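In: dropping a prediction and its sequence here:
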Amino acid sequence: TIWIVFNGEIYNFQELRNLLRRKGHVFSTKTDTEVIVHLYEEYGTRCLQYLNGMFGFCLYDKERQILFCARDRMGQKPFCYFNDHKLFAFSSELKSLEAVLDLSIDLEALEQFFTFGYIPAPKSIYRNVKKLLPGFFLIQVLLIFERYLMTRMLSYQEVFHYCHHILGKSYSYRDFLRVS
């Protein structure tokens, strides 16, 4: 299952929709947003090569457990994101992130503002908030930890044989690399 948050317009979406329909994709709507989802299903991150338009989007791929975010080549649509390795949030405007996050000023960015009259990308005025550069994409891998229960406890002998098997494979692989 794939979800998308999209800001922008894809100028060639009808052409892309026809291409994807010929490849067997079935559409529920006539929107450019749905075309992006099907392009991603067909081409993965290479879908960006087909898009002609101004956009910023974030796509959630549940099967792969990733967020795939992208910005158009010319940077017409802004895209900023917060990442402190505990939380990932994104928006097309800093104001949205200010409203929901407790942000602190990045003093180095502030110094750049006073020096240059602006803050060079990818920095922003806030610590842990970056601007996605035009023509770039990012992938945020979502680490999911789940507890599982063993159906039975392994005996010491089973653990020994398993470890011996795994270590044996790693040593023979290392020896193979040395010889090659």
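Out: Structure received.
In: which residues touch the residue lying closest to Asp106 once chain neighbours are set aside?
Out: Nearest residue to Asp106, sequence neighbours excluded (Cβ to Cβ, 6 or more residues apart in numbering): Arg127, at 4.4 Å. (Glycine included, C-beta is placed from N, CA and C.) For Arg127, the contact set (Cβ atoms under 8 Å, 6 or more residues apart in numbering) comprises 103-106.
In: go on, Leu142?
Out: Leu142 sits next to 65-67 when contact means Cβ under 8 Å, 6+ apart.
In: touching, Gly56 and Pro134? I think so.
Out: No: counting by Cβ atoms under 8 Å, Gly56 stays clear of Pro134, with 10.0 Å between them.
In: who are the contact partners of Phe113?
Out: Counted by Cβ under 8 Å, 6+ apart, Phe113 has contacts 119, 125.
In: for it, phi and psi?
Out: Note on Phe113: backbone dihedrals following degrees, to the nearest 10 are phi -60, psi -50.
In: kindly report the same for Cys80.
Out: phi -120, psi 150.
In: what helix or strand is Gly70 on?
Out: For residue 70 the amino acid is Ala, not Gly. For Ala70, the host element (DSSP states H and E) is strand 66-71.
In: pull out the buried residues from that strand.
Out: Using 16 or more other Cβ atoms under 10 Å as the test for burial, strand 66-71 gives 67-71.
In: before we move on, the earlier item: more neighbours, Gly56 and Pro134?
Out: Shown here are Gly56 and Pro134; by other Cβ atoms under 10 Å, Gly56 has more neighbours (23 against 16).
In: hang on, that one is in a strand, isn't it?
Out: Yes: counting by DSSP: H, G, I helix; E, B strand; the rest coil, Gly56 falls inside a strand.
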